[in-house]
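> Next one to model:
(one chain, ligands or ions: 2)
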Amino acid sequence: MNKKQMIVAGVMSGTSADGIDVALVRVGGPSHIGFELLGHAAYPYPTRVRTAVLAAMNASRASVADLARLNFLLGERYSDAVLATERQFRVKVDLVGCHGQTLYHQGDPQRFLGRKVAATWQTGEAAIISARVSVPVVSDFRPADMAAGGKGAPLVPFLDYMLFRDTRVGRIVQNIGGIANLTAIPAHAAASDVFAFDTGPGNMVIDAVTEKLFGKPFDRGGRIAASGKVIEQVVNLILQRGFFKKRPPKTAGREEFGRDFADEFLRSCRGCPKQDVVATATALTTKSIADAVRRFVVKNPNSARKRAFHEMILSGGGAKNSTLVAMLASELAPLGLQLRFSDEFGLPSGAKEAVAFAVLAHETWHRRASNIPSATGAMRAAVLGKISYP
Ligand SMILES: Nc1ncnc2c1ncn2[C@@H]1O[C@H](COP(=O)(O)OP(=O)(O)O)[C@@H](O)[C@H]1O
Ligand SMILES: [Mg+2]
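Ligands and ions are numbered 1, 2, ... in the order given. The predicted structure follows:
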């Protein structure tokens, strides 16, 4: 193996709280930006764990003892996931990059006890992972960007820029996880031309209403939505909200589109057939994406000049929802955007974020900065994360 190459396990668990994604990536080497995906696997949380994670995220009050225990429990689960993936692909890793499970994220400073502070919290004890897997672990990627004045998110644009920039094609890289976020990479972009933001709900509202009305964790394949009719007034009314009008950079989480939002959404659909509610939640995702593209990407809010974007590249669990994908394609057609999948670029849509944290960990290990200040709003580049040694 080339001395400069490393095999890194990227570990991601997103706001959907569906489980753990692990990607094994060979990073570095002669071409520097080159990397190779050696394998990836997903480990759904057992129902009890998912319920506990969701409860911790949604809670206005939680037991400190339970939160402390959850941190160590997730550390064990992340370790098991990395070790199982190593066995499956017969690969031994040199380094782990673990995002952790976000319990709280508030990217903008707000007044608290007399001072303005921004705050974020990812749980999943890295010291446990490091001890179990016997390699160093980079974790807690977001705070360093926030300390530099950024929103701590999004961080995946580093990988998006590395992978999807093109001299002639302007690309919007759209991930649909619990939350939906995009990275806009104009043709021939420098890193400082890249901008990124959360467009709003991804699968989070769809999951919540599907669970409530059909007792299923998600709308597999988008089949329920396909059998329903979109209630346009509900979507249009929600799109008037402050979040959607706010200029990027902006981030969202369960704080904006979690349980309270889902309850309100259900109330505004009261009396409609159940499948229409799921169809409407699906349309909320696709229309809010198209709306964000129209308002903030295709038209540059800082000048009257239009920017040329040609493709949208889709990743995340939402790419498996055919109804969502079909709705999105028809929203994008009038904008002249062709819908493509990250899989076409050798990056399976479910593995992208895990790959990103492998690449980010590799940068941190070499003490290189990896936030993109134009995406997070940070005042400077920052080396992200903390390192635990076995
Ligand atoms: N086969 C599928 N059909 C429809 N939706 C799916 C499918 N597989 C995954 N999803 C959706 O994707 C979500 C998980 O996406 P993911 O990218 O892992 O999000 P996160 O990063 O928030 O964990 C699930 O909660 C579900 O809503
Ligand atoms: Mg997930």
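> quick one: the spatially most distant residue from the centre of the chain from ligand 2, how far?
Computed with CA atoms, centre = their mean, the residue of the chain farthest from its C-alpha average is Gly271, at 33.1 Å. With distances taken as CB to the ion, to the nearest Å, Gly271 is found 33 Å from ligand 2. (Each C-beta comes from the backbone N, C-alpha and C, glycine too.)
> quick check, Leu314 in a helix?
No: assignment of Leu314 by DSSP: H, G, I helix; E, B strand; the rest coil gives strand, placing it outside any helix.
> picking up where we left off before, name the SS class of the residue farthest from the centre of the chain, please.
Secondary structure state of Gly271, per three-state DSSP, is coil.
> Enumerate the residues of the stretch 151-300 of the chain near ligand 1.
Contact residues (CB under 6 Å from any ligand atom) of the stretch 151-300 of the chain with ligand 1: 177-178, 203, 206-207, 218-222.
> How about Ser268, nearest residue that isn't a chain neighbour?
Of all residues not flanking Ser268 in the chain, Val234 sits nearest, at 5.2 Å (CB to CB, 6 or more residues apart in numbering).
> Next, count neighbours for that neighbour.
The number of residues packed near Val234 is 19, by other CB atoms under 10 Å.
> next one: Met162
Neighbours of Met162 under the rule other CB under 10 Å: 15.
> Render the CA-only coordinates of the strand or helix carrying it in PDB, please.
For Met162, the host element (DSSP states H and E) is helix 157-164. Provided in PDB are the C-alpha atoms of helix 157-164 (Å, rounded to 0.1, in the frame of the first residue of the first chain):
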ATOM      1  CA  PRO A 157     -19.900  20.100   0.500                       C
ATOM      2  CA  PHE A 158     -16.200  19.300   0.900                       C
ATOM      3  CA  LEU A 159     -16.800  15.900  -0.700                       C
ATOM      4  CA  ASP A 160     -19.400  17.300  -3.100                       C
ATOM      5  CA  TYR A 161     -16.900  19.800  -4.400                       C
ATOM      6  CA  MET A 162     -14.100  17.200  -4.700                       C
ATOM      7  CA  LEU A 163     -16.400  14.800  -6.600                       C
ATOM      8  CA  PHE A 164     -18.800  16.700  -8.700                       C
END
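> Same question for that helix: list its buried residues.
By neighbour count on 16 or more other CB atoms under 10 Å, the buried set for helix 157-164 is 157-161, 163-164.
> Residues of the stretch 1-150 of the chain that sit close to ligand 1?
14-16, 18.
> again, only using 8 Å
12-19, 21, 42 (CB under 8 Å from any ligand atom).
> among those residues, which are within reach of ligand 2?
The subset of those within reach of ligand 2, by CB under 5 Å from the ion, is 14, 16, 18.
> Show me what residue of the stretch 251-390 of the chain gets nearest to ligand 2.
Of all residues in the stretch 251-390 of the chain, Gly317 sits closest to ligand 2, at 6.1 Å by CB to the ion.
> got the contact list for that residue?
By CB atoms under 8 Å, 6 or more residues apart in numbering, the contact set of Gly317 is 16, 18, 176-177, 202-203, 218, 349-350.
> Can you lay out the residues you listed as TSV showing secondary structure and pLDDT?
Formatted as TSV, the contacts of Gly317 follow (DSSP: H, G, I helix; E, B strand; the rest coil; pLDDT from 0 to 100):
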residue	secondary structure	pLDDT
Ser16	coil	88
Asp18	coil	93
Ile176	strand	97
Gly177	coil	94
Gly202	coil	97
Asn203	coil	97
Phe218	coil	96
Ser349	coil	89
Gly350	coil	89
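> and the gap between the residue lying closest to Asn321 once chain neighbours are set aside and Ser322?
Once flanking residues are discounted, Asn321 sits nearest to Gly222: 4.0 Å by CB to CB, 6+ apart. Remark: distance between Gly222 and Ser322 (CB to CB, to the nearest Å) = 5 Å.
> what about these two, which has more around it?
Comparing Gly222 with Ser322 by neighbour count (other CB under 10 Å), the higher total belongs to Gly222, at 22 against 14.
> which residues touch that one?
282, 321-326.
> repeat that for 6 Å
By CB atoms under 6 Å, 6 or more residues apart in numbering, the residues touching Gly222 are 321-324.
> just checking, what packs against the least confident helix or strand in the chain by mean pLDDT?
Ranking every helix and strand in the chain by mean pLDDT, DSSP states H and E puts helix 254-257 at the bottom, with a mean of 88. With contacts defined as 3 or more CB pairs under 6 Å, 6 or more residues apart in numbering; DSSP states H and E, helix 254-257 has no helix or strand neighbours.
> Glu264 belongs to a strand, doesn't it?
No: Glu264 is assigned helix when assessed by three-state DSSP, not a strand.
> how near is it to ligand 1?
Distance of Glu264 to ligand 1, computed by CB to the nearest ligand atom, to the nearest Å: 20 Å.
> burial measure for that residue, as a count.
Neighbours of Glu264 (other CB under 10 Å): 11.
> Within range of ligand 2, give me the residues from the protein.
Counting by CB under 5 Å from the ion, the residues of the chain that sit close to ligand 2 are 14, 16, 18.
> mind redoing it with 6 Å?
For the chain, the residues in contact with ligand 2 (CB under 6 Å from the ion) are 13-14, 16, 18, 21.
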